[in-house]
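>>> A structural model of the following input is requested.
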Amino acid sequence: MPRRKNTVGTTLDTEGAKIGEPVPRAIIDINTASVGVPRQAEDDLRTELSALRQQVDRLQQQVISAGRSAKAGAEEAARQTGALVKHYPLSSFALMAAVAGLLALASRQLSPPRHRGPSALRELKDLYERMRERI
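Model prediction:
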């Protein structure tokens, strides 16, 4: 790797940064008319990688604990629902029937009417008849 020593006494790398290394600002030495990058200590990279690994480990632990709490919440909701159905079976059945009825009514209201096809066909026939009369 080509290196140059400037007048200040620091060693400069004149090649580009390697993959994984931070890219520092270049130093322009007016006295020697050279441009370079100050040599970086490898300890800085090790320290930075260690800090990044610790952050990743903490994030993994947070994701795991969030998953566990979500699972516990879902299990508790299922347990409470089961207990409610055991205590009030008729009310639960009536509620489920009402919800199913509302869903059926809503899906029926949202579905397009089936008589559109014949009316559109009828309109085309009428248009065709009017055009024939004009000709």
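>>> switch to C-alpha atoms for all contacts and neighbour counts from now on
Will do.
>>> Can you list the residue ranges for strands in this protein?
In the chain, the segments counted as strands under DSSP state E are 3-5, 11-13, 27-29, 34-38.
>>> From residue 119, how far out is residue 130?
17 Å (CA to CA, to the nearest Å).
>>> Next: residue 84.
51 Å.
>>> If you count surrounding residues, which of these two has more?
residue 84 (13 against 10; other CA atoms under 10 Å).
>>> Excluding chain neighbours, give the residue nearest to that one in space.
Closest residue to residue 84 apart from its sequence neighbours, by CA to CA, 6 or more residues apart in numbering: residue 92 at 7.9 Å.
>>> residues near the one you found, how many?
Other residues close to residue 92 by other CA under 10 Å number 15.
>>> For it, give its distance to residue 130.
As judged by CA to CA, residue 92 and residue 130 stand 61 Å apart.
>>> Just the mean pLDDT for stretch 120-135, thanks.
Average pLDDT, stretch 120-135: 81.
>>> and if you look at stretch 52-59?
On average, stretch 52-59 scores 94.
>>> Please point out which parts of that stretch sit buried.
The neighbour-count check on stretch 52-59 (16 or more other CA atoms under 10 Å) flags nothing as buried.
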